[in-house]
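Q: mind folding the following:
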Amino acid sequence: MHLKKLVPIVGFCAVSLLSSSAMAQLWSKNCATNQCLDATTADSNGRVQVSDCTTSKKAQQWYAKRGILPSSIENAYFKQQCLDMHEVVVGGFEVVTNKCDDNLKAQKWDFVPNGYDGQIGNAYFSGQCLTVAKDGTVTPAQCNGDDSQRWYWVNVGDKTPSALEESRMKLPKTLAEDSRMRIPTTLEEQRMKLPKPTLPRVSVRDSMADKANCSFNPPGVCSKDINECGHPSVCDCPVAYTYNPATGMCDYTFKQNQKLVGSENEDNLACSHPAQGICTSDINECGNPSNCNCGINPAYKYNPATGQCDLTLD
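A: Down below sits the predicted model:
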């Protein structure tokens, strides 16, 4: 059966759906190689690889069913050839293209978002993700979040690869708000109906990524639906919050009148406040004492006349 029109498009960080009149061909680009998923033959058990992305090579373009996960992934050039996975020896798998069969669960794939991109996992062989091997072939491997397993979809349309790269550089000002705004309700609802992915959670790339991507509601709950914040334990809590494994929340631990300064929380984390209340000026972003909080004790307040955090309460 030929799949038509259709698919969630995952760009650099946002998700959108093609309209019924929009072009449905997609590139699936790998984050490690920046190359595109490529079919090689119309024969059974056809080899799948990655190669440099180009609009002239239609074998790099794929169809997926609109708004449905898991979905089969059909090649736009080799008609009726779908991504397929099967076990060749005990514990040994391969990814190939075979004649599309909507009844074969091994031809169904889930896209599991992880920040700006995601893993493409097989719906039948749980925990197996599309992976680019060192020789450029595409093979299944245990999902681990490595760059060789990270993919993003881009709409081919009339764009050239350079134009696509340029568009990826135009990041939204607020990643969390932008991703929330662009996730269609239908896709969101569809994802909510899926069983929890069996893919292992991976540590985020660095603590700053946590702060940029995780959303913290006023009660301190670490949101589980924004970018890399898949589980609260891998998220940095804001300076006024401490992660509590008993509640699974970032609990508020500072005094209510504690004041956050600057545009980021780094000031609070980076500045050192000795017992006497002096705000040091040689650590990270604490170059100017006026940009530092005077510790977590509300008894100290910054005094511009002395350049110190002076004790103001009895």
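Q: not counting its neighbours along the chain, what's nearest Glu94?
A: Closest residue to Glu94 apart from its sequence neighbours, by C-beta to C-beta, 6 or more residues apart in numbering: Val88 at 5.4 Å. Just so you know, the C-beta spots here come from the backbone N, C-alpha and C atoms, and that holds for glycine as well.
Q: give me the neighbour count for that neighbour.
A: For Val88, the neighbour count with other C-beta atoms under 10 Å is 10.
Q: for it, give me the pLDDT.
A: Model confidence at Val88, expressed as pLDDT, equals 74.
Q: quick one: which helix or strand includes it?
A: Take DSSP states H and E as the rule and Val88 turns out to sit in strand 81-89.
Q: the next helix or strand after that strand pairs with which strands, and in what direction?
A: Heading C-terminal from strand 81-89, the first helix or strand you meet, by DSSP H and E, is strand 92-99. Taking DSSP bridges as the criterion, strand 92-99 sits next to strand 46-51 (antiparallel), strand 81-89 (antiparallel) in its sheet.
Q: low-confidence regions, the protein specifically.
A: In the prediction, the chain carries residues with pLDDT under 70 at positions 1-27, 66-67, 89-91, 115-116, 155-314.
Q: mind doing that once more with 80?
A: Flagging of the chain using pLDDT under 80 yields the residue ranges 1-30, 64-69, 87-92, 113-117, 152-314.
Q: count the residues that sit near the closest residue to Asp38 other than its chain neighbours.
A: Using C-beta to C-beta, 6+ apart and skipping the chain neighbours, the partner closest in space to Asp38 is Ser51 (4.6 Å). Using other C-beta under 10 Å, the number of residues around Ser51 comes to 15.
Q: Ser51 and Lys57: what is the separation?
A: Noted for Ser51: a distance of 7 Å to Lys57, by C-beta to C-beta, to the nearest Å.
Q: who touches both of the two?
A: Overlap between the neighbourhoods of Ser51 and Lys57 consists of Asp38, taking contacts as C-beta atoms under 8 Å, 6 or more residues apart in numbering.
Q: can I get the strands paired with strand 92-99 in CSV with distance to Phe125?
A: Conversion of those to CSV gives the following (distance: least, C-beta to C-beta, whole Å):
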stretch, distance to Phe125
strand 46-51, 15
strand 81-89, 6
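Q: now do the same contact list for the residue nearest to Asp147 when sequence neighbours are not counted.
A: Counting by C-beta to C-beta, 6+ apart, the nearest residue to Asp147 once its immediate chain neighbours are dropped is Ala32, at 3.8 Å. With C-beta under 8 Å, 6+ apart as the criterion, the residues that contact Ala32 are Val132, Asp146, Asp147, Ser148, Arg150.
Q: change it to 7 Å
A: Counting by C-beta atoms under 7 Å, 6 or more residues apart in numbering, Ala32 makes contact with Val132, Asp147, Ser148.
Q: ok, Val96 next?
A: If a contact means C-beta under 7 Å, 6+ apart, then Val96 has Asn45, Gly46, Arg47, Val48, Asp84 as its contacts.
Q: now do Ile120
A: With C-beta under 7 Å, 6+ apart as the criterion, the residues that contact Ile120 are Trp109, Phe111, Cys129, Leu130, Trp151.
Q: ok, those vs Ile73, which is closest?
A: In terms of C-beta to C-beta, no member of those lies closer to Ile73 than Trp109, at 5.7 Å.
Q: the closest one and Met85 touch, don't they?
A: No - counting by C-beta atoms under 7 Å, Trp109 does not reach Met85; the two are 8.6 Å apart.
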